[in-house]
Each structure stands twice: as C-alpha cells, then as structure tokens.
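Asker: Any chance you could fold what I've pasted below:
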Amino acid sequence: MSRFLFFIILLAGVTPLISQATCHRDNSDDTPTISTISLPSQILVSSKNYSGGEVLYDSGYIAGNDSELQIKGCSNDYYVGFHYKPSSLQNASPVLDGVYPTGIPGIGIRTYTLNQAGPFDQERVIDNTWQQGNGDNDHTLRNSSYRIQLIATGGQISGGSLNEIGQIATVEFREGQSSSDTGDNASELFLTSSNVEVVAMGCSATVSEVNIPMGDIDISAFESSPVVEGPPQNVGLNCAAGTNVTLNLSAVNPVTSGDTQDGTVISLTKDSSGTTATGVGVQFSVSTAALPRTYMKPNTTITLFQSNRIAAADWSDGAAADGSAISDQGDASSFADAANPGGTAESENLTFYANYYKTDATVTPGTANASGTLTLQYN
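Answerer: Numbers count the residues shown, from 1 in each chain. Coordinates of the predicted model:
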C-alpha cells in the first residue's frame, strides 16, 4: 500500500512540470506574425561609383498579419533575439553600420524592426544579437513591423541575383541565448520574388573623343548659305539594354552677338598669332536612329535615350517609423514593362556633326577651330 501511495505522490509532483511553459505564444496565436515585403523581379542601379551608405531601396515599415500577438510566461531572465535566418547573413560581419553583405558585390542589406514589445518597441536594427528582456512575464506585440533597406557599400555595382529571398529575419523570445532554448518566434520577415536581378545600367563608347576635321574652306562658300558642313563621325555604344543616356556640351563660349541660331553657335578658339577668322562660329549636333539631328546649346543637357521605369518609391506602401509616408525610397528603379524597357538597345550608334555657321554679314579668313567637352551620362 505504501508503494502505491508513493507512486501517486510522484505523479502529482511531475504533472505541473509537464504542463508548465515559458516564453510561449498565447494559445490563440498559433504562428508568429508575418511581415512580407515584395520586391520586383529587376532592380536597376546606375553604373556610377556609389558612396558607401547610399540608399538604393527603402521598403518603409510593413506590418505583420497579426496586429496583436501575445508572448506569455517569460521568466525574469528571458532574452529576445534579433536574427537573420539565411546562414550567409547569420555568419557575416557588418560592412557598414547595421549593413550586412548580400550575394551581390556593392550591395548590402539593413533590416529594422518596430513594435516588438516592451523595451523593443522602438526602431532597432537586426544585428544577430540576443538582448536581455525587462523582467516582465507577458508581452504584447502591437502592429509588429519590419523594414529593409538595400544599401550601396561603395564603388560600382556589377549586378547579379539577390539570393536573400524567403524568410530573412526573425524576432524570438527565449529563456536562453540560443534558438534551441525554450521559447517561441514572435515575428518573422519574408522577402518575396521569384528572382531579384540587379542590373547595373550603363554603356561604353567605342571612342574616347570626337574629332571632326573641317579642312580648308573658301569664304565664298558663305555667299550662298550661312552653313558649311563638316564630315559626320560615328560613335558606337555598347549598353545594358534600357539604359538612359544624356549628352552635354560644356566648357565652350557661345556666340552672343549676330545670328546665334537660338544660342547653338559657339565661338572660335583664339589663335595665338592673331589670325582667327571672324564672322563665323561652329555648331555641334547629334543624331541617333530614333532622334533626328539635334543642335546642341552649350552647357545644356539633352536626352538621347529614355527608358520606361518605375521609381523605387512606387514599389511599396511602407511607412516611416512615425507612420508617415516615405518620400524618398532610394536611388534604384525598375522597368514598368520589362518586355519593353525603352532606353538603349544593347548596341547603339551616335552620329556627331560639326558645321561652320555665318554669324555676321562679313566673314574674314583665318584659323577657325573650336573645342568643347562632350559628356555622355548613363544610368
């Protein structure tokens, strides 16, 4: 009889231990609250040299699917973990403040959390650390949210595929500093896209300078026309399809008197011998397969190729930490229609022209040279 009573007493002592749970989601919360950020299939960045820390994309805060999740029964010594899930991010060291390297050279990721209960309701970065809790037993995550930024880490971005897709980060409440300790994930962040391809937009030109030899011109040529043409020169461009290209003619002095043809005529370079021609200037112009011949005004930028893009600010409905809209969500963009991107093809041809233009009633002979800086800018 005594053995039987001892057995009953033993069960009575074990039963409370079996039913006890610590740092667990409330029974009504079967799963963590999930925030999902959708990225486009292509992210376009410039071919420029970026400064470290430039924001390419900012999602703003995206709230989870459970606006009020409860964590109950934590001990006084519980911990909260702010961790990346992919091993490539778990094991990496930050390259800038809170920025971890992605699989694409030149691009890092920074992830923020908000409203993760108690002392962690304020904005803080995911940094693969465990933080000591505040000793409260129960916690409520109200509108738990996540925000990601894609950050330039410095230099040119070569492009590639962003592999950090799927579950990317989590906030977990545990009784120790390990994901295997008793506790539960409170919130999780997922990035969705079939494949995020980062494309560095840009072109390379087949020549580094344009020289247009005008040869010797008889001043009688200006008696029948104010214009004397020089030979055209072609410049090839090899581009990432969809690149935007602009052109600027700078470091030149426009003609300010006489017939300036709406400011497109530039002054001749003064010859040291004092034999510079007078009454005439030079015009530069350019054409492409889609752009008719266009005369260039000094120090004025013209668009040669323009793509159809969506700014990063249009990708997401995320908000700032105070709930306001994000006004500037970064430098990156995406094609509105990837099948019809606009901008350049992979190969383009520019044709440059120079001509003399009669600005005054009388033209006197002499040297007639002009120069300027042609700047092609790609993005």
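Asker: only C-alpha atoms for contact and neighbour calcs from this point on.
Answerer: OK.
Asker: so who does residue 118 touch?
Answerer: 134, 139-140 (Cα atoms under 8 Å, 6 or more residues apart in numbering).
Asker: scratch that, residue 155 is what I was asking about
Answerer: Counting by Cα under 8 Å, 6+ apart, residue 155 makes contact with 48-52, 106.
Asker: do the same with residue 83
Answerer: Contacts of residue 83 were listed using Cα under 8 Å, 6+ apart, and they are 90, 126-129, 169-171.
Asker: now do residue 375
Answerer: 247-250.
Asker: buried ones in the host helix or strand of it?
Answerer: Remark: residue 375 resides in strand 373-378, with elements defined by DSSP states H and E. Buried residues in strand 373-378, counted by 16 or more other Cα atoms under 10 Å: 374, 376-378.
Asker: about what we covered before: between the contacts of residue 118, which is closest to residue 28?
Answerer: Among the contacts of residue 118, residue 140 lies closest to residue 28 (Cα to Cα), at 12.7 Å.
Asker: Please report how far residue 96 lies from residue 180.
Answerer: 29 Å (Cα to Cα, to the nearest Å).
Asker: Compare neighbour counts for the two and give me the winner.
Answerer: residue 96 (17 against 10; other Cα atoms under 10 Å).
Asker: Could you pull up the residues touching the nearest residue to residue 109 once chain neighbours are set aside?
Answerer: Counting by Cα to Cα, 6 or more residues apart in numbering, residue 109 lies nearest to residue 150, which is 4.7 Å off, once chain neighbours are set aside. Residues near residue 150 by Cα under 8 Å, 6+ apart: 55-58, 107-110.
Asker: Apply 6 Å and report the result again.
Answerer: By Cα atoms under 6 Å, 6 or more residues apart in numbering, the contact list for residue 150 reads 56-57, 108-109.
Asker: that older thread, which strands border the strand holding residue 375, and is each parallel or antiparallel?
Answerer: strand 245-250 (antiparallel) (DSSP bridges).
Asker: Doesn't residue 89 belong to a strand?
Answerer: No. Going by DSSP: H, G, I helix; E, B strand; the rest coil, the assignment for residue 89 is helix, not a strand.
Asker: What's the separation between it and residue 167?
Answerer: 12 Å.
Asker: next one: residue 65
Answerer: 15 Å.
Asker: Which strand in the protein has the most residues?
Answerer: strand 347-358 (DSSP state E).
Asker: Could you give me the buried positions within that strand?
Answerer: Those would be 348-350, 352-358, for strand 347-358 by 16+ other Cα under 10 Å.
Asker: Partner strands of that strand and their direction?
Answerer: Here, using DSSP bridges, strand 347-358 pairs with strand 227-229 (antiparallel), strand 233-239 (antiparallel), strand 280-287 (antiparallel).
Asker: and among the ones you listed, the most buried is which?
Answerer: strand 280-287 (a mean of 22; mean count of other Cα atoms under 10 Å).
Asker: Now do that strand, average pLDDT.
Answerer: What strand 280-287 shows for mean pLDDT is 95.
Asker: ok, residues contacting the next helix or strand after it?
Answerer: Following strand 280-287 in sequence order, the next helix or strand is strand 294-295 (DSSP H and E). Applying Cα under 6 Å, 6+ apart, the contact partners of strand 294-295 are 285-286.
Asker: The helix or strand following strand 294-295: partners in the sheet, and parallel or antiparallel?
Answerer: Note on strand 294-295: by DSSP H and E, the next helix or strand toward the C-terminus is strand 301-305. For strand 301-305, the paired strands and their directions (DSSP bridges) are strand 245-250 (antiparallel).
Asker: which residues are contacting the next helix-or-strand element following the partner strand?
Answerer: Per DSSP H and E, the first helix or strand lying C-terminal to strand 245-250 is strand 265-266. Residues outside strand 265-266 that contact it (Cα under 6 Å, 6+ apart) are 253-255, 281-283.
Asker: Check whether residue 325 really touches residue 318, as I assumed.
Answerer: No. Residue 325 is not in contact with residue 318 according to Cα atoms under 6 Å; the separation is 7.0 Å.
Asker: re earlier: which members of the contacts of strand 265-266 are the farthest-apart pair?
Answerer: Among the contacts of strand 265-266, 253 and 283 lie farthest apart (Cα to Cα), at 11.6 Å.
Asker: Now do the domain split for this protein, please.
Answerer: Split into domains by automatic domain parsing, the chain comes to 21-200, 203-307+342-378.
Asker: Can you pick out the residue with more neighbours from residue 325 and residue 318?
Answerer: Higher neighbour count among residue 325 and residue 318: residue 318, with 23 against 15, using other Cα under 10 Å.
Asker: What's the local residue count around the residue lying closest to the more buried one once chain neighbours are set aside?
Answerer: Nearest residue to residue 318, sequence neighbours excluded (Cα to Cα, 6+ apart): residue 60, at 4.0 Å. By other Cα under 10 Å, 26 other residues sit near residue 60.
Asker: What does residue 60 show for phi and psi?
Answerer: In terms of degrees, to the nearest 10, the main-chain angles of residue 60 are phi 70, psi 180.
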